[in-house]
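>>> Need coordinates for the below:
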Amino acid sequence: MIAWFVLAVVLAACGGTYLWALAPGSGAAPPFGSDAAVPVLMCNDPRFDLFHLYYYGQDRFGAWPFWAASAAGKLLGFAWTPAALHVWLTLWLLAGVVPAVRLGGKRPVLGGLGWLAIVGFPGAVRYQLSDLAQPYAWQLPALVWAWWGLRRWAETPRPGRAAAAFVPALLAVWTSTLSLPLLVALAVLEAFRHEARPGWRGAGRALLPVLAAGTTELAMRIAYHRAGRRLYGDPFVTRIHLDWGHLEGNFVAVGRRLLAPDGWPWLSLAIAFAAVAIAAWRSSREDGERRDLSALTLGMALLSLLPIPVLVAVNHVRVNFFYDRYFTPTLGFARGAAWAGAALAAALVFRSERWRRRVEAVAVAMLAAALVAGLPRRSPDPDYARRSETARALLAKAPGSPLLDGYWGSYVLAALAPPRALVPIVTEGEQNRTPFDLPALRSARTVVVGSGGKLAAILKPRPPTWLWQYGVVLRLVEPELYASGPDTFALYRNATADGLPFEGPAAPLSLASGRPLAIRFRPVRQASLFVERRDRRALAPADLKVAAGAGVPVRVEPLPLGFRIELGPAPVPFSALQLDSAESVPLEGLYLAPG
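Below is the predicted model:
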């Protein structure tokens with residue numbers, strides 16, 4: 001009874017840590033950036049199609065947590081905020097204690113505390129698990145639930161138990177495809193736990209829920225790619241391949257990270273106790289307690305060690321600078337393996353039940369003390385507070401206007417506003433995770449434009465009179481709409497509908513030396529022609545030749561994605577012009593504005 005009480009206390013301490021000290025808005029929590037804001041937007045998104053199967057614009061992060069959140073929000077009638085989504089993440093993370101208790105077998109409390117050692121111990125693992133931008137808080141509990149389901153399936157192969165193993169296995173693989181080889185290893189482990197020599201038939205049967213989950217996820221991924229290509233012209237495929245030319249350097253970089261002070265002690269213990277577990281496994285067929293602890297230790301060690309070759313072999317980890325997040329499963333499950341292995345060693349060394357429980361009590365007390373001593377203090381995050389106030393101010397000053405800003409600004413402010421109140425549009429040329437929101441820009445009367453991303457260089461110190469984004473021409477209305485810290489915002493009017501109709505060449509448009517581009521329009525004395533380049537490269541005004549008739553003044557102004565040609569005022573109306581360039585220039589579009 002005391003052990004269960006300690007488990008409850010440690011569980012409550014972990015929950016309090018996540019819900020209070022590591023929640024969005026706390027200085028101890030990971031910064032709330034656009035990558036963390038996208039899940040909040042997905043939870044509040046009223047749309048549902050195949051593009052929403054995964055995190056917006058990438059196929060590496062399954063969206064099932066946000067589906068569940070969206071369904072709950074619609075059913076109960078509430079909107080998701082960063083804080084609310086963090087509560088859902090924390091509840092799912094702590095729910096992993098349930099299968100961990102069951103995996104502990106005859107030492108259930110030790111299994112539960114092993115899980116809390118993974119999620120509650122101070123360090124990089126806990127930091128990454130509290131980040132809304134990362135998949136690990138969703139993946140790791142799903143792996144443990146699937147492990148328990150695979151054990152029950154191996155013990156009694158019934159349809160209901162197959163489904164109970166398949167569902168969490170699918171959630172784990174959907175969250176991250178790295179889960180598939182890990183689950184294969186766990187299924188084989190459980191087959192051997194149930195039978196000393198399961199044979200090909202027994203091992204194949206144990207793998208059935210995992211293979212079904214992998215096949216289902218593959219079909220979902222293919223559907224996602226096809227939907228992206230059909231709807232937005234991009235399959236959003238993550239380009240991951242074996243990093244043949246960098247394996248030696250990758251090995252050194254991964255080894256350097258694993259040998260850090262928060263890595264090598266746990267990994268050393270995990271490897272050592274895995275060897276102990278293998279030896280104990282062979283001699284514990286009749287000892288249920290040792291068998292359970294051996295299986296728990298080996299399973300945790302497999303979950304910790306198997307991702308390491310992937311970290312070395314694939315290019316994706318290297319191009320993202322071997323960031324700490326990729327080591328979360330390895331370092332987290334190494335703690336679980338070390339804890340389970342220590343319990344196994346105590347069971348092997350101390351034959352007396354009384355002495356064994358005394359040693360375990362001391363270990364439990366030390367773990368609880370370490371977890372409680374490592375509780376971070378909550379302090380306000382000034383940047384989170386500032387951006388929250390910015391979102392409220394923009395809604396008050398320009399209600400109903402979409403926000404055009406850089407990648408690292410648009411999604412954050414939209415997630416801090418009420419659902420769909422501030423539609424995020426990422427600056428053209430940056431990674432756009434929400435292409436389905438572009439119609440909101442084209443139909444908007446006014447647009448709030450932020451100074452982040454690629455627009456920073458041209459919006460400061462003063463915004464330009466004209467902007468061209470996604471084929472939409474914007475004209476400045478209020479240059480100083482709002483300012484907060486490094487962020488400034490201007491208000492633009494959608495001037496696309498004001499354009500003059502003209503006749504010109506058919507698509508695809510291009511400029512080339514000796515082949516001038518001619519357009520005709522109704523007679524005017526003054527106009528501005530906006531030219532958007534397909535290749536987005538700069539073109540020096542001196543390289544462009546413009547002819548609009550005798551006496552028509554011409555001035556060329558570079559724009560972020562092309563240039564603007566100001567024509568007039570002319571003494572008499574003109575109705576045609578020609579463009580020529582010394583180099584070949586592919587064009588995306590033309591827009592002719594009066595005056």
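>>> Tell me the secondary structure at residue 394.
Of the three states, residue 394 takes helix under DSSP: H, G, I helix; E, B strand; the rest coil.
>>> Burial check on the nearest residue to it once chain neighbours are set aside, number of neighbours?
Closest residue to residue 394 apart from its sequence neighbours, by C-beta to C-beta, 6 or more residues apart in numbering: residue 448 at 5.6 Å. Where you see a C-beta, it was placed from the backbone N, CA and C, and this is true even at glycine. For residue 448, the neighbour count with other C-beta atoms under 10 Å is 25.
>>> Now for residue 448: which residues touch it?
With contacts defined as C-beta atoms under 8 Å, 6 or more residues apart in numbering, residue 448 is in contact with 394, 398, 401, 402, 403, 404, 405, 481, 489, 490, 491, 492.
>>> so the last one touches residue 446, yeah?
Read it as residue 492. Yes: counting by C-beta atoms under 8 Å, residue 446 is a contact partner of residue 492 at 6.8 Å.
>>> quick one, which of those two is more surrounded?
Using other C-beta under 10 Å, the more surrounded residue of residue 492 and residue 446 is residue 492, with 28 against 18.
>>> Please confirm that that one is located within a strand.
Yes: assigned with three-state DSSP, residue 492 falls within a strand.
>>> per-residue pLDDT, the nearest residue to it once chain neighbours are set aside?
Spatial nearest neighbour of residue 492, excluding adjacent residues (C-beta to C-beta, 6+ apart): residue 474 at 3.8 Å. Looking at residue 474, its pLDDT is 91.
>>> Residue 474 should be in a helix, yeah?
No: counting by three-state DSSP, one finds residue 474 to be strand, located in no helix.
>>> mind listing what it touches?
Under the criterion of C-beta under 8 Å, 6+ apart, the neighbours of residue 474 are 404, 447, 449, 466, 467, 468, 492, 493, 494, 495.
>>> residues of the helix or strand hosting residue 312 that come out buried?
Following DSSP states H and E, one finds residue 312 within helix 307-313. For helix 307-313, the neighbour count (16 or more other C-beta atoms under 10 Å) marks 307, 308, 310, 311, 312, 313 as buried.
>>> quick one on the thing from earlier: how much space is there between the residue nearest to residue 492 and residue 499?
For residue 474, the distance to residue 499 equals 12 Å [C-beta to C-beta, to the nearest Å].
>>> what's the answer for residue 345, then?
To residue 499, residue 345 is 77 Å away according to C-beta to C-beta.
>>> swap in residue 389?
In terms of C-beta to C-beta, residue 389 sits 37 Å off from residue 499.
>>> swap in residue 65?
In terms of C-beta to C-beta, residue 65 sits 44 Å off from residue 499.
>>> Who has more neighbours out of the two?
For residue 65 and residue 499, the more surrounded residue by other C-beta under 10 Å is residue 65, and the numbers stand at 25 against 18.
>>> mean confidence for the helix or strand where residue 137 lies?
Element membership of residue 137, judged by DSSP H and E, is helix 136-155. Mean pLDDT, computed over helix 136-155, is 97.
>>> again with stretch 25-38
Averaged across stretch 25-38, the pLDDT comes to 95.
>>> One more: stretch 574-591?
Stretch 574-591 comes out at a mean pLDDT of 82.
>>> Buried by neighbour count: which residues of it qualify?
574, 577, 579, 580, 581, 585, 587, 588, 589, 590, 591.
>>> do the same with stretch 80-97
Counting neighbours by 16+ other C-beta under 10 Å, stretch 80-97 gives 80-82, 84-86, 88-90, 92-94, 96-97 as buried.
>>> Let's have those in TSV, adding pLDDT and distance to residue 358.
Output for these, formatted as TSV (pLDDT from 0 to 100; distance: C-beta to C-beta, whole Å):
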residue	pLDDT	distance to residue 358
80	97	48
81	97	47
82	97	45
84	97	44
85	98	43
86	98	39
88	98	40
89	98	37
90	97	33
92	98	35
93	97	31
94	96	28
96	97	28
97	97	24
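>>> ok, so of these, who is nearest residue 459?
residue 82 (26.9 Å; C-beta to C-beta).
>>> so who does the closest one touch?
The contact partners of residue 82, by C-beta under 8 Å, 6+ apart, come to 24, 25, 32, 36, 37, 40, 132, 415, 416.
>>> redo that, cut-off 6 Å
By C-beta atoms under 6 Å, 6 or more residues apart in numbering, the residues touching residue 82 are 24, 40.
>>> any idea how far it is from residue 24?
When distance is defined by C-beta to C-beta, residue 82 is 4 Å away from residue 24.
>>> Equivalent analysis for residue 524, please.
In terms of C-beta to C-beta, residue 524 sits 53 Å off from residue 24.
>>> From the contacts of residue 474, pick the one nearest residue 217.
Nearest to residue 217 among the contacts of residue 474, with distances taken as C-beta to C-beta, is residue 404, at 35.2 Å.
>>> residues contacting that closest one?
By C-beta under 6 Å, 6+ apart, the residues touching residue 404 are 425, 447, 449.
>>> Put together CSV for these, with distance to residue 262, neighbour count and secondary structure on each row.
Formatted as CSV, those follow (distance: C-beta to C-beta, whole Å; neighbours: other C-beta atoms under 10 Å; DSSP: H, G, I helix; E, B strand; the rest coil):
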residue, distance to residue 262, neighbour count, secondary structure
425, 40, 27, strand
447, 46, 24, strand
449, 43, 28, strand
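>>> and of these, the nearest to residue 192?
Comparing these against residue 192 with C-beta to C-beta places residue 425 closest, at 54.4 Å.
>>> Kindly state the beta-bridge partners for the closest one.
Residues in a beta bridge with residue 425, per DSSP bridges, are residue 404.
>>> ok, it touching residue 441?
Yes: counting by C-beta atoms under 6 Å, residue 425 touches residue 441, with 4.9 Å between them.
>>> Spit out the residues that contact these two alike.
With C-beta under 6 Å, 6+ apart, residue 425 and residue 441 have common neighbours residue 402.
>>> can you tell me the helix or strand for residue 580?
According to DSSP H and E, residue 580 maps onto strand 574-581.
>>> Render the CA-only coordinates of that strand in PDB, please.
Taking Å, rounded to 0.1, in the frame of the first residue of the first chain, the C-alpha atoms of strand 574-581 are listed here in PDB:
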ATOM      1  CA  PHE A 574      -1.200  56.000 -74.100                       C
ATOM      2  CA  SER A 575      -2.600  52.500 -74.500                       C
ATOM      3  CA  ALA A 576       0.300  50.100 -75.000                       C
ATOM      4  CA  LEU A 577       3.800  49.300 -73.800                       C
ATOM      5  CA  GLN A 578       6.600  46.900 -74.500                       C
ATOM      6  CA  LEU A 579       9.000  45.100 -72.100                       C
ATOM      7  CA  ASP A 580      12.400  43.800 -73.100                       C
ATOM      8  CA  SER A 581      15.200  42.400 -71.100                       C
END
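>>> can you list contacts of the helix or strand just after that strand?
Note on strand 574-581: by DSSP H and E, the next helix or strand toward the C-terminus is strand 585-594. With C-beta under 6 Å, 6+ apart as the test, strand 585-594 has contacts from 471, 473, 499-500, 502, 509-511, 521, 527-532, 534-535.
>>> Tell me how far residue 104 lies from residue 447.
For residue 104 relative to residue 447 (C-beta to C-beta), the value is 57 Å.
>>> Overlap in contacts, residue 492 and residue 446.
By C-beta under 6 Å, 6+ apart, residue 492 and residue 446 have no common neighbours.
>>> just the angle between the strand holding residue 580 and strand 585-594, please?
Interaxial angle of strand 574-581 relative to strand 585-594 (axes from the mean of the first three to the mean of the last three C-alpha atoms, to 10 degrees): 160 degrees.
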